[in-house]
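S.K.: Okay, predicted coordinates and the sequence, questions at the end:
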Amino acid sequence: VPKAIVSDNLKSAVTRASKYEADINRSFKDFARHYKCVINPARGYAPQDKALVENAVNLAYQRIYYPLREMSFFSLEDLNREIKRLLGRYNDLLFSRKEASRRELFQSVEREYLKPLPQATYELKGYRRAKVQKMGYVYFSPDKSYYSVPYRYIGKETTIHYTSSMVEVYYYHQRIALHQRNPSKGSYNTNKEHLSSTHKYYSDWSPDFFKKKAAIHGKHVLGCIEKIITAVDYPEIGYKRAMGVIQLHKSYGSQRLDNA
């Protein structure tokens, strides 16, 4: 990775040009942050700021594009293969005033100034704005799905940063939630740590949950709860009835409940 990238003032790199401090495109800034390098755009109408690049483009046309201009290719792979061959030959050419080629100068001089590449590959990010709903989720429109955030942010406006594999939720530039992206339409993606204590309790409801609670009070209570849960088609109705039976131990005690 180079220490700095000197770009033109094209819109995909620079949102607002400035002689002193340019406003860099958000996606390009993310790219530079990932590779830990600096974006330093050239001044407007000042090609001398990147004269080496301007000259390299001209030489690439002469050495690579010009020999290819009258050749026919029937696939992109064939074209790239020929470009790679000509590029290798171009990099191995000796400079007229130096006893070295571009490849040799890179290996002996430039390489030691480069930083190592990060282990993770860069993924292009997209952005969406979303308000945290009363149930503690943000709506992610690209997949028509929902992602949980800490319940204390309910009602707040957030920004969603997403890639092909991750979904991050930010509130005032602070990340408040991180999820693996789930491509399933209409899915609810929940981190239990984001839920309030009440929501956590309800999210644990399952047949095994109620059987464990019933077994504490006796085998007859357990048998009754099993029948209640299996007798209904909609599980939440059975769960509520089962909880109603189990809660009777608070008024009558476990022994009397089991006898009943």
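M.R.: Everything's here; your move.
S.K.: Grab the CA positions of the longest helix seen in the chain and hand them over as PDB.
M.R.: Ordering each helix of the chain by length in residues (DSSP state H) puts helix 76-91 first. The C-alpha trace of helix 76-91 is given here as PDB (Å, rounded to 0.1, in the frame of the first residue of the first chain):
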ATOM      1  CA  LEU A  76     -12.200 -10.400 -22.400                       C
ATOM      2  CA  GLU A  77      -9.800 -13.100 -21.200                       C
ATOM      3  CA  ASP A  78      -7.900 -13.100 -24.500                       C
ATOM      4  CA  LEU A  79      -7.700  -9.300 -24.500                       C
ATOM      5  CA  ASN A  80      -6.400  -9.300 -20.800                       C
ATOM      6  CA  ARG A  81      -3.900 -12.000 -21.600                       C
ATOM      7  CA  GLU A  82      -2.400 -10.000 -24.400                       C
ATOM      8  CA  ILE A  83      -2.400  -6.800 -22.300                       C
ATOM      9  CA  LYS A  84      -0.600  -8.600 -19.500                       C
ATOM     10  CA  ARG A  85       2.100  -9.900 -22.000                       C
ATOM     11  CA  LEU A  86       2.700  -6.400 -23.400                       C
ATOM     12  CA  LEU A  87       2.700  -4.900 -19.900                       C
ATOM     13  CA  GLY A  88       5.400  -7.300 -18.800                       C
ATOM     14  CA  ARG A  89       7.500  -6.500 -21.800                       C
ATOM     15  CA  TYR A  90       7.000  -2.800 -21.200                       C
ATOM     16  CA  ASN A  91       8.100  -3.100 -17.500                       C
END
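S.K.: could you give the mean pLDDT of the helix or strand that it is followed by?
M.R.: Using DSSP states H and E, the helix or strand that follows helix 76-91 in sequence is helix 102-105. On average, the pLDDT along helix 102-105 is 92.
S.K.: and if you look at stretch 47-65?
M.R.: The average pLDDT within stretch 47-65 is 87.
S.K.: One more: stretch 16-24?
M.R.: 90.
S.K.: ends of it, how far apart?
M.R.: Start and end residues of stretch 16-24 are separated by 7 Å (C-alpha to C-alpha, to the nearest Å).
S.K.: ranges for the helices of the stretch 1-150 of the chain?
M.R.: For the stretch 1-150 of the chain, the helices defined by DSSP state H, counting those that start in this stretch cover 26-35, 51-60, 66-68, 76-91, 102-105.
S.K.: Over to the stretch 151-260 of the chain?
M.R.: Per DSSP H, counting those that start in this stretch, the stretch 151-260 of the chain carries helices over the ranges 197-203, 207-215, 219-230, 235-246, 249-252, 254-259.
S.K.: Please save the CA atoms from the fifth one in PDB.
M.R.: What follows is the C-alpha trace of helix 249-252 in PDB, where atoms were taken according to Å, rounded to 0.1, in the frame of the first residue of the first chain:
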ATOM      1  CA  HIS A 249     -47.500 -21.900  42.400                       C
ATOM      2  CA  LYS A 250     -47.000 -18.300  43.700                       C
ATOM      3  CA  SER A 251     -50.500 -18.300  45.300                       C
ATOM      4  CA  TYR A 252     -50.900 -22.000  46.200                       C
END
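S.K.: Good, wrapping up.
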